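Student: how does the following fold in three dimensions:
(3 chains)
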Amino acid sequence: MTSRQRRQIFDAVLIPILAIITGLAFSSVFVLMTSTPPLVAYQEMFKAGFGCERLDNCSFFLTLERATPLILTGLSAVVAFRSGLFSIGQEGQFLLGALMAAWIGYAIQLPPVIHSLVILAIAMAIGAAYAFIPAILKLRLNVNEIISTIILNSIAALFVTYMVNFPLRANRSSTASTPIIHASAELPSFFPGSHWGVGFLIAVAATIFVWFFLWRTVPGYEQRMSGQAPFFARFGGIRSERAAIRGMLISGALAGLAGAIEVLGVNRQIVAGFSSGLGFDGVLVAILGQAHPLGVFLVAILFAGIRLGSQIGLQITTNIPRELGGGILALIILFVSARSLFGDVINLFRNSFGTGRGIPKEDKA
Amino acid sequence: MNEIQISQDIITLAVIRSGIRLATPIILGALGFAICSRAGVLNFAIEGMMLFGAFAAIVAAFLLGNTYLGVVVAILAGGLIGAFFAAVYLKYRVDLVILALALNLFIAEMTVFFLRVVFGAFGSWSDPSIQQLPEINIPLLDQIPILGPLLSGHNIIVYTSWFASFALYVVLFHTRFGRHIRAVGENQSAAETVGIDVARVKIFVLILSGCLAALGGAFLSVGHLTLFTRDMTGGRGWLAVTASLFGLNHPIGVLFTGLFFGFADAFAVRLQTVTDIPPSLVQFLPNVAALVALVLVGARGKLREELARRRFRQRAQQEVAATVVTPAE
Amino acid sequence: MPAVEMQGITKYFASSQVLANDAVDLSVGQGEVHALVGENGAGKTTLMNILFGLTRPDRGTIRLNGTPVQIPHPNEAIRLGIGMVHQHFKLVPSFTVAQNILLGIEPSRYGLLDQRDENAAVKKLADEFGLPVDPAAVVGELSVGLQQRVEILKALQREARILILDEPTAVLTPQEARELFTVIRDLAKRGQTVIFITHKLLEVIEVADQVSVMRAGRMIGSKPVRETNLKEMARMMVGREVLLTVDKKPVEPGEIVLEVEHLLVAGVGGHTAISDLSFNVRAGEIVGIAGVSGNGQTELVDAITGLQPVDGGTIRLLRNEITNQPVGDRREQGMAHIPEDRLRTGLNLETNLDENVIVSRYREPEFQHYGLQDRAHIQKLAEWVVTQFSVASARPGEDIATLSGGNLQKVVLGRELSGSPKLIIANQPTRGLDVGSIEFVHRTLVDARDRGAAVLLISVELDEILALSDRILVLFRGRIAGEFQDEQATKEQLGILMAGGVIEEEAS
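Tutor: Numbers count the residues shown, from 1 in each chain, chains lettered A, B, ... in the order given. Down below sits the predicted model:
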């Protein structure tokens, strides 16, 4: 490993850690308003989010279950970002994937395993198809992809609301929801009473796939070059348009897959108001994870853990509103992106660890 | 027969009035996004700023015992958020989209947190002492048939949203400062070299957009109801962004696209009660229309390019044909 | 007393480790047209940016009409009566001419603007200086020449007494350039001081009273134009005898490799960039395309390499029509391209050496199997480039962002020549390089030609064209203005053709 690579890894690890510490330190102001000592609160939060007392009562498993869709939507954002498109359409693709899963899950009969595989495939296809729209609008008509995906997200949310309330509504329910899917479509879990299961394995596989695809394959190389240096890519003979469309298709498929797994593995149906926010969280996870699959995997778990920890550890144990967790996450994101804040600290660390040059001061000239 | 006619009129009128009401926060948020876009700043934090305005308005109205003061506090609070946004963006060079997403998340979560911690409310909060913003009848206008009942009798925020549209139009297109804003947005270095203070312009538009969005939020919490609930804006900030783009970031255009969104909402609700057309289908309309508008704007640019190219080919081939006769080279 | 006197100006850019100005002195007389010449990277623009307050010098003093001044910001420069027209115009495209000229100094009543007042003010200004413009025209729809006029008026409106023009003719057609020279002379007659930056010596002779030559951050000398000539200026500029010599064997042209027929290409904005152009390049020869930049070079290269669509005519590579083929297909058939802009187009500075050297060849079976990249082979290629082209301080797997300009160009050369290409398009291959690197690039191109490659060399440096080419074509306004065998061509003849003249006439 070269010194530069060492330095990059050092940065990639150190900046998020500093951001987390700073975020927690800032948030302690809010904790103090609740008359619980911050250290006690954080201890409870981390115990509930990342602890594991016994195998049959392990909250960390629940964290992993909740991290599953975040990993996938995060990976979806990574693939889009790395292809040069700042797509935040994961939410819409996720919702459509979930809707397809809920529908096919009860509407048709198929043998176990096959049923769920068919659903996963269809959900990926629908996610990919929905991601194709902003991609082609961007490439052909130069429509800003952030803007088109925002609109497509709300269209998808309205469509899902309509489908759940009308065509797909289960008759007996008072709040609108789709019927429960058949057992054959369910994704099995590792333990009874938990939803942590096959979906997580798929997320792990997807993480490895995305890494392998981007950094070991020819299309992945095309993808990254087009995203990083579009002129260079075109000059070298890379068909950037194709690469971008391919990237968006993969991105959409991953988000659609996330939606399907959430339905098949956890919810088993869609209830009205299923506006998850998991898509947006995926964008945040991708940013925090430095647009790297491994980073996304770890950050998704951190994200889910802090959310769960604030729900159980804070809200139930210490009576601090669970919303603090979201606030902490927002602060962490802020501090990660304001990395120049940490420039001096990082230089200090580097000098003491002897990893070479620090971040150069910005040249205003 | 006459009675039926009148009742239908009243129903239509009621729907339109409700559309105007529903449009108000969207117009204000969209104006906030538009003015930032004109200065080249993509402010995707409208949703968060609006939500913060809703929260600040109702809390201040309760604490100060005056709803108008509550609205003023909301505007100031929005401006403060805008100033914070500007400071972080300009000083630490944080990516705008990331900053906006983080801010939206922070406000969505922490407003609920504070309601719990301060008022012990779970997710939604109200207090009987809080007065709704009064409706104001405009003298003379309210005498005119149809127009009177339509346009008069709204609260001050509704009127402000209309006034703000026209005021912003004048500012952007007929004042020095507005021209400087547009210059910064279109060619920042051109503005810099003639001595326009770019940072000042950006700080100003972000503060103003915070004020506008927060005012829109105040309409939700003290203008229409007297209530704050978790995620009260429910995506209206994003609708505002869409409306602004749909209105091509022009204040007057934004007024109309905002109203379009509001009417679509109102008719959706109305249709639900009188027919069985699902409301979400009607709410599709403005979104799809916005997408179509974006596509058309893009297509127009492409078409121009294509036409120019075609014209060029024809002209150039004629030129070549003309010169081939004379021995060249 | 000189209008501008700069003394001992020194500026070091830490980020790029360049000493851009090294104790530079410059003295410009009142009412004089002063040409500041030098090659790319000589430090001309830095010096002028310092005078205009865009860059702060590390050391040195500036005097205007004898008074020492500090110029920390363009605002101060404008206040002191200095105006600058940048190479890339600082205009707002959707604004009218009047709105652009008055930007920042709009006349207003209580902040409200009056379009009529503005148009009238600009009309008056334009009449006063004899520079006709339509105040109400939208700037984005004007020709480049008129946009430049708007920039000049913008400076004059701010009562500039000293006008700096940064490479003003680089973007102009020769016709527009001639008009600009008339404008410059007129301004000088009115007592305005004009400093104009250029690297085209013919322009100096045509318009300037005094010339100052810079090289590698130093001021080499300053002379009245009457007392000098092209040759002397050129020698001062390049610091060596003008004629570069490259040892090369006599040309043995083989079969036709590149064949361009009746090529038609549109430039930005739809004007004719390349018009009915036909030529060919044979194996084993270097064909040089001479010309002032902006005469269609970029569009020609982009059309041949596939980066820009062709509007008419055909391009053939080894008898295969490639007119509308994508870039990748052309490269597979043996086309190599050394691009004009190596930092943005030629290289990806955000990634490592390996990924940079493979970009033109990543699809070849040697470097991938079933869609998986063969990293070992790619690394071998990177090693080959580093050793064969002696790229100092580069190693496979490491980032290239910190390499010097010369070494970066060696990476580009190494990559482009690695697959033994049949056709090499070299567009300004030595731009901004030091002498050592220039020689290396020249040697490499000649070697490739001796091995039988067809080389198309596009350069604005006449010396380079003359030293390397076996055949020279002069490009003027998108057409070939003349063709020479190497030994027939003289610099004077080329210069006349490049300026749009005809050989029989006397050069003006």
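Student: only C-alpha atoms for contact and neighbour calcs from this point on.
Tutor: Fine.
Student: tell me the residues of the stretch 51-200 of chain A that contact chain B?
Tutor: A:137, A:141-143, A:147-148, A:150-151, A:154-155, A:158-159, A:161-162, A:166 (Cα under 8 Å from any Cα of the partner chain).
Student: try 6 Å
Tutor: A:141, A:158, A:162 (Cα under 6 Å from any Cα of the partner chain).
Student: the residues you listed in strands, which ones?
Tutor: Nothing among those maps onto strands, per DSSP state E.
Student: kindly present those as CSV, with separate columns for pLDDT and neighbour count.
Tutor: Formatted as CSV, these follow (pLDDT from 0 to 100; neighbours: other Cα atoms under 10 Å in any protein chain shown):
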residue, pLDDT, neighbour count
A:141, 91, 19
A:158, 89, 21
A:162, 89, 18
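Student: using JSON lines, please lay out these together with distance to residue A:339.
Tutor: Output for those, formatted as JSON lines (distance: Cα to Cα, whole Å):
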{"residue": "A:141", "distance to residue A:339": "35"}
{"residue": "A:158", "distance to residue A:339": "37"}
{"residue": "A:162", "distance to residue A:339": "43"}
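Student: residue B:48: which element?
Tutor: helix B:46-64 (DSSP states H and E).
Student: so where does residue A:81 fall, helix or strand?
Tutor: Short version, using DSSP H and E: residue A:81 is in helix A:59-82.
Student: gap between the helix or strand just after that helix and the chain center?
Tutor: Sequence-wise, the next helix or strand downstream of helix A:59-82 (DSSP H and E) is helix A:90-107. How far helix A:90-107 lies from its chain's middle: 17 Å, per Cα atoms, centre = their mean, to the nearest Å.
Student: elements contacting helix A:90-107?
Tutor: helix A:114-141, helix A:145-165, helix A:240-261 (3 or more Cα pairs under 6 Å, 6 or more residues apart in numbering or on different chains; DSSP states H and E).
Student: only alpha carbons, please: show the helix holding residue A:81 as CSV.
Tutor: Listed next in CSV are the C-alpha coordinates belonging to helix A:59-82 (Å, rounded to 0.1, in the frame of the first residue of the first chain):
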residue,chain,number,x,y,z
SER,A,59,-31.3,-5.4,19.5
PHE,A,60,-28.3,-5.3,17.2
PHE,A,61,-30.1,-7.8,15.0
LEU,A,62,-33.0,-5.4,14.8
THR,A,63,-30.5,-2.7,13.8
LEU,A,64,-29.3,-4.9,11.0
GLU,A,65,-32.8,-5.6,9.9
ARG,A,66,-33.5,-1.8,9.7
ALA,A,67,-30.1,-1.2,8.0
THR,A,68,-31.0,-3.6,5.2
PRO,A,69,-33.1,-1.2,3.0
LEU,A,70,-30.7,1.7,3.9
ILE,A,71,-27.8,-0.3,2.6
LEU,A,72,-29.6,-0.9,-0.7
THR,A,73,-30.9,2.6,-1.2
GLY,A,74,-27.4,3.9,-0.2
LEU,A,75,-25.8,1.6,-2.8
SER,A,76,-28.3,2.8,-5.3
ALA,A,77,-27.2,6.4,-4.6
VAL,A,78,-23.6,5.4,-4.8
VAL,A,79,-23.9,3.9,-8.3
ALA,A,80,-25.8,7.0,-9.5
PHE,A,81,-23.3,9.4,-8.0
ARG,A,82,-20.4,7.4,-9.4
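Student: average pLDDT across it?
Tutor: Helix A:59-82 carries an average pLDDT of 94.
Student: likewise for stretch A:269-277?
Tutor: For stretch A:269-277, mean pLDDT is 77.
Student: same deal with stretch C:330-350?
Tutor: Mean per-residue pLDDT for stretch C:330-350: 91.
Student: does it reach chain A?
Tutor: Yes - interface with chain A: stretch C:330-350 contributes C:345, C:346, C:347, C:348 (Cα under 6 Å from any Cα).
Student: if we can go back for a sec, which residues sit against the helix holding residue A:81?
Tutor: A:49-52, A:196, A:200, A:224, A:227, A:247-248, A:251, A:254-255, A:258, A:279, A:282-283, A:285-286, A:291, A:296-297, A:300-301, A:304-305 (Cα atoms under 6 Å, 6 or more residues apart in numbering or on different chains).
Student: what angle do it and helix A:90-107 make?
Tutor: Angle, helix A:59-82 to helix A:90-107, by axes from the mean of the first three to the mean of the last three Cα atoms, to 10 degrees: 120 degrees.
Student: where does chain A have low pLDDT?
Tutor: Within chain A, the ranges that satisfy pLDDT under 70 run A:1-5, A:172-173, A:275-276, A:340-365.
Student: tell me how far residue C:158 lies from chain B.
Tutor: 9 Å (Cα to the nearest Cα, to the nearest Å).
Student: residues contacting that residue?
Tutor: By Cα under 6 Å, 6+ apart, the contact list for residue C:158 is empty.
Student: before we move on, back to that, deepest-packed of the helices and strands packed on helix A:90-107, please.
Tutor: Highest mean neighbour count of these: helix A:240-261, a mean of 30 (counted as mean count of other Cα atoms under 10 Å in any protein chain shown).
Student: chain center to it, what's the gap?
Tutor: With Cα atoms, centre = their mean, you get 14 Å for helix A:240-261.
Student: now do stretch B:32-47
Tutor: Per Cα atoms, centre = their mean, the centroid offset for stretch B:32-47 relative to its chain is 9 Å.
Student: for chain B, longest helix please?
Tutor: helix B:279-325 (DSSP state H).
Student: is that helix up against chain A anywhere?
Tutor: Yes - judged by Cα under 6 Å from any Cα, helix B:279-325 comes into contact with chain A at B:280, B:298, B:299.
Student: try stretch C:318-329
Tutor: Yes - with Cα under 6 Å from any Cα as the measure, stretch C:318-329 is seen reaching chain A through C:327, C:328.
Student: that stretch: which residues count as buried?
Tutor: Neighbour-count burial for stretch C:318-329 flags C:318, C:322, C:323, C:324, C:326, C:327, C:328 (criterion: 16 or more other Cα atoms under 10 Å in any protein chain shown).
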